[in-house]
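Peer 1: coords please:
(3 chains)
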Amino acid sequence: MSGDAILPNGSADPSSVGGRAKFPRSSRLLRHADFERVYKEGRRHFAAHMTVFYLRRGDPARLRVGFTVGRGLGGAVERNRMKRRLREAVRLYGVVVDAPVDVVINPKKSLLTADFADLRKDIKRAFEVIEKSVGKP
RNA sequence: CAGCUGGACCGGACGGUCGCUCGUCGCGAGACGGGAGGAAAGUCCGAACUCCGCAGAGCAGUGUGCCGGAUAACGUCCGGGAGGCCGGGUUCAAGCCCGGCCGACGGAAAGUGCCACAGAAAACAUACCGCCCCGGCCGCAAGGCCGAGGUAAGGGUGAAAAGGUGCGGUAAGAGCGCACCGCCGCCGCAGUAAUGCAGCGGGCAGGGCAAACCCCACACGGAGCAAGACCAAAUAGGGAGGGAGCCUCGGGUUCGCUCGGGGCAGGUGCCGGCUCGGCGCGUCACAACCUCCGGGUAGGUCGCUUGAGCUCCGCAGCAAUGCGUGGCCCAGAGGAAUGACCGUCCUGCGGUAGCAAUACCGCAGACAGAAUUCGGCUUACAGGUCCGGCUGCCAC
RNA sequence: GGCGCGGUACCCAAGUGGUAAGGGAGAGGUCUGCAAAACCUUUAUACGUCGGUUCGAUUCCGACCCGCGCCU
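Peer 2: Numbers count the residues shown, from 1 in each chain, chains lettered A, B, ... in the order given. Below is the predicted model of the structure:
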């Protein structure tokens, strides 16, 4: 447990520089075709509670993140919870990667019961890896 | 008070910081407000709505099936009645009475089919063992054997074998006779009806299965919001027109045109500001190319949430429910919002301290997530509240 | 979200209101120097779960559970 995880009364995390971390719809990956392209042409990064696919894109210089939670991972309640926890973790990390990258995160079943701080560390590490491998082509 | 059981309901509360989504306001930054369930689930029924189909009727098919009511409708709900199970009381017994629970329950004297095994016999009933009588033979006798009959009480088989109980009766028996119960027919009374009750007559017709085919009555067109409507890129393809002249003679004509002969003109696309030039095509026809039109994919918009709506009170009704007045607006996403973290409290369990009330610490708080919308059914569900029934214990 | 199919042994798979085929695999044997192939013999185990109808249900009816497909 590093000290920078969560402060007692829920104030902003150091990693989310600049105050309020948001995660609007424009930063989300929503189109079926986009998902397909990332799966087909993208690279992969494996973490404890998830698998991350990512692909450098052309023109619009924005990071976009999408989530896929399949039927095998549980009922609607559990799948919704996984998606919400992931979204919250990505939001709190802050969408600071500047490269035009599409990212798709596939959770594993352990994500449901994992500690939220661990989850945030997984996300942080994954985005660092992405930045390193894609940031300077 | 405890256990079992039937029904109704709640299913954590309040607050803080950050975020998501919809609405309203605002030029904008943003502000304010709304934001999962009783099952949102399974998709098992019924509707609304939309498109397609359709003269009418019938057949086929599917579903429903005691009676009455409720409802937009239903396979749902409410009330009632046959029937079944359990407990208690009563009777010699069958049975009857009381209470509780269950309750897919039309027709088997319209027809067809199926009832394995066992059993003598399983559906125009039969007679294996047995019981009884008569005749003959044997035997001192008890009785035995053979033959002709009577019988459906008893045994045995089976899920099921020509009503049940009791008394009488008989050679033995049998509705053979009687009483009660059951059954069939007729009639009466009560009830809207299912049905119940009473009377009279008949000793008694008759197996089961229709969640087998079927018959009868009633209902039903098919698909589903990924329905459907509108806008509409790129690419490919479709249609129409231009490209694709003028004059004259003759023939045909539905008077729009068309066919044939002769003469004249030299066109058009791209490159380019224009000319020259180059390249391609064309000169009577399926050209290149240009313009327009329609279908339609990706994508977008609508459908999309005010509705057989919720609720207070009053009235009608046993009830389901209906009527009236007033009040309320209560999620609308679309790779799919309703979340993350924290604090205080609540409930349960465990531990520590304490005689105890209690205090502190730790853990836990179910089933489950709207997807066009309603009415039901079914299934899942920690814990808790209220009302009723039965049993046991204690107190009065 | 809506609609439609199917669950029979370890696997494939027929079937019907009373007894559940068959094949492969497995086991044992023959053959062989040893195996494979071939041939012979063979055991045990199964009707997804729970109710209902029926004397009797894998079969008929209903409700659940699981798997698959189509519409985009």
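Peer 1: where along chain A do the strands fall?
Peer 2: Assigned by DSSP state E, the strands in chain A fall at A:43-46, A:50-56, A:64-67, A:101-107.
Peer 1: Indicate whether stretch A:107-124 makes contact with RNA strand B.
Peer 2: Yes: legend: contact between stretch A:107-124 and RNA strand B by CB under 7 Å from any atom of the strand is shown at A:Phe116. (C-beta placed from N, C-alpha, C; glycine too.)
Peer 1: Now do the helix ranked longest in chain A, average pLDDT.
Peer 2: For chain A, the longest helix by residue count, based on DSSP state H, is helix A:116-135. Averaged across helix A:116-135, the pLDDT comes to 86.
Peer 1: what inclination does that helix have with respect to strand A:50-56?
Peer 2: Angle of helix A:116-135 versus strand A:50-56, following axes from the mean of the first three to the mean of the last three CA atoms, to 10 degrees, is 20 degrees.
Peer 1: got the CA coordinates for helix A:116-135 in CSV?
Peer 2: The C-alpha trace of helix A:116-135 is given here as CSV (Å, rounded to 0.1, in the frame of the first residue of the first chain):
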residue,chain,number,x,y,z
PHE,A,116,-9.9,-0.9,-5.9
ALA,A,117,-6.4,0.4,-5.1
ASP,A,118,-4.9,-2.7,-6.9
LEU,A,119,-7.1,-2.0,-9.8
ARG,A,120,-5.9,1.5,-10.1
LYS,A,121,-2.3,0.3,-10.0
ASP,A,122,-3.1,-2.1,-12.9
ILE,A,123,-4.5,0.7,-14.9
LYS,A,124,-1.6,3.0,-14.2
ARG,A,125,1.0,0.4,-15.2
ALA,A,126,-0.9,-0.4,-18.4
PHE,A,127,-1.1,3.2,-19.5
GLU,A,128,2.6,3.7,-18.8
VAL,A,129,3.4,0.7,-21.0
ILE,A,130,1.1,2.0,-23.8
GLU,A,131,2.7,5.5,-23.6
LYS,A,132,6.2,4.0,-23.9
SER,A,133,5.5,1.7,-26.8
VAL,A,134,3.3,4.1,-28.8
GLY,A,135,4.3,7.5,-27.7
